[in-house]
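1. just coords:
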């Protein structure tokens, strides 16, 4: 997967995770809140992977 795809999937997972957390809080559903938090963190990690891939590519391109 390319860096852009990682970043896009990461953003999507973060957004969905945030929504799940909000719905979980509104419906007093701690399980849904926890799932949302995990998905949000997964999205953050995916974005980080995309950024690292970009940095590696830029370094390789300079070499």
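-> Yep, it's here. Because the structure is predicted, anything quoted here is derived from the model rather than measured.
2. ok, now which ones touch the nearest residue to residue 41 once chain neighbours are set aside?
-> Spatial nearest neighbour of residue 41, excluding adjacent residues (CB to CB, 6 or more residues apart in numbering): residue 17 at 7.4 Å. All C-beta atoms are positioned from the backbone trio N, CA, C, and that covers glycine. For residue 17, the contact set (CB atoms under 8 Å, 6 or more residues apart in numbering) comprises 35-43.
3. repeat that with 6 Å
-> 36, 39-40, 43 (CB atoms under 6 Å, 6 or more residues apart in numbering).
4. swap in residue 3?
-> Counting by CB under 6 Å, 6+ apart, the residues that residue 3 touches are 50, 53-54.
5. looking at these, state which has the most neighbours.
-> Tallying neighbours with other CB atoms under 10 Å puts residue 50 at the head of the contacts of residue 3, with 21 neighbours.
6. which helix or which strand is home to the nearest residue to residue 13 once chain neighbours are set aside?
-> Ranked by CB to CB, 6+ apart and with sequence neighbours excluded, the top spatial neighbour of residue 13 is residue 43, at 3.1 Å. Per DSSP states H and E: residue 43 is located in helix 30-62.
7. elements contacting that helix?
-> On a contact count with 3 or more CB pairs under 6 Å, 6 or more residues apart in numbering; DSSP states H and E, helix 30-62 meets helix 3-26.
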